[in-house]
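Peer 1: The following block contains a protein sequence and its predicted model.
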Amino acid sequence: MNGLHLMPPVASSVAPRLDALFWFAVALCAVVALGVFATIVFLAVRYRRGSNASRAGGSGRTLTIELSWTFVSFALFIALFLWSLFLFTELHTPPRDAQTIYIVAKQWMWKTQHPGGQREINTLHVPLGKPMRLIMTSQDVIHSFYVPAFRVKQDVLPGRYTQLWFTATRAGTFPLFCTQYCGLDHAQMIGSVVVMAPADYAHWLRRQGTPSTLAQTGAALFRSRGCSGCHGTNAAVHAPELHGLFGRAVHLSDGSTVIADERYLRDSIMLPNLQIVAGFAPIMPSFAGQLDEDEVLALVAYLKSLATPEQDLGASP
């Protein structure tokens, strides 16, 4: 044994600030609790049976004391709320230069897909000091992705995408857990995050020897599933243009506007009638039940790559 540790190791950029918030809340609650218990003990001793303390009721008002403890307590808890709000906002706003990795959870494993096509089971390799953005979905039930050393946790839901991000600040191997009960072998759904120096990480990616990137796999699916018949350059069907779609505002037939992010792209494939693009008929068939989550992620990666035409996919739609 390595001894008793009160907290997990600190291994991400946000972990020290989350720990500071946690210990501030603990200290604040401890001060309040100690103050209450100290008052109880003092009054119990002073006014115990047989003591000479006066028990005559006072008639004076203590408005200053009442207002002081009320507003001081209010200010402290508002400060705690604002502190946590700023941290919450930061935790849900990944940096623009964050590298995206895709996670598919299923009973009872974590399936990882890197943009370069590298795949892992129950292991996630990441570079040291580089912001990493995880796009996650579940193939069956609700799971929850939790890395204690990074102080990050996010539910992983079937039928939709959730995300979290982190920047690892310490090399090593750190446990990964599912913290949402997900069935019989929930306790065995354990993995690890391996943080490597950037040069070692690049070498690890090269050693995997994948035949195609995730976007190239999606391009092949795009053709084999017949998507290019409607969305291709020379298609006869009147369908929305996909080049440059990702990250762009899309105007819908109901008058609303959405941003074409990963969630929108997934819903457009699996639930095409949920959000109809203005000027187009709802004629696209649903691929729900025909594609697994790995294939959907590949298609999403391909559609994202169409926003960067300089990337060579080895094929066109």
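Peer 2: Nice, I can see it. Residues are numbered from 1 along each chain as shown.

Peer 1: how far out from the middle of the chain is the helix or strand hosting residue 302?
Peer 2: According to DSSP states H and E, residue 302 maps onto helix 293-305. Distance of helix 293-305 from its chain centroid, counting by C-alpha atoms, centre = their mean, to the nearest Å, is 18 Å.

Peer 1: what's the answer for stretch 286-304, then?
Peer 2: The chain centroid and the centroid of stretch 286-304 are separated by 20 Å, computed with C-alpha atoms, centre = their mean.

Peer 1: same question, stretch 266-282
Peer 2: Using C-alpha atoms, centre = their mean, the distance from the centre of stretch 266-282 to the centre of the chain it belongs to is 26 Å.

Peer 1: switch to numbering from 17
Peer 2: Yep, numbering from 17; the last one is stretch 282-298 now.

Peer 1: end-to-end on it?
Peer 2: Its start and end residues considered, stretch 282-298 measures 16 Å (C-alpha to C-alpha, to the nearest Å).

Peer 1: tell me the mean pLDDT over stretch 109-128?
Peer 2: Here stretch 109-128 scores 91 as its mean pLDDT.

Peer 1: That stretch: which residues count as buried?
Peer 2: Along stretch 109-128, these residues count as buried under the neighbour rule (16 or more other C-beta atoms under 10 Å): 110, 114-128. C-beta coordinates here come from the backbone N, C-alpha and C atoms, glycine included.

Peer 1: In the protein, mark out all the helices, start to finish.
Peer 2: Taking DSSP state H to define them, one finds helices in the chain at 31-62, 79-107, 214-223, 230-240, 244-247, 278-286, 309-321.

Peer 1: May I have the last one exported as CSV, CA atoms only?
Peer 2: Just to be clear, that refers to helix 309-321. Output in CSV follows, covering the C-alpha atoms of helix 309-321 (Å, rounded to 0.1, in the frame of the first residue of the first chain):
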residue,chain,number,x,y,z
GLU,A,309,-22.7,4.5,-32.8
ASP,A,310,-19.2,3.9,-34.2
GLU,A,311,-20.5,4.3,-37.8
VAL,A,312,-22.4,7.5,-36.8
LEU,A,313,-19.3,9.0,-35.3
ALA,A,314,-17.3,8.2,-38.5
LEU,A,315,-20.0,9.9,-40.6
VAL,A,316,-20.0,12.9,-38.2
ALA,A,317,-16.2,13.1,-38.4
TYR,A,318,-16.4,13.1,-42.3
LEU,A,319,-19.1,15.8,-42.3
LYS,A,320,-16.9,17.9,-40.0
SER,A,321,-13.9,17.5,-42.3
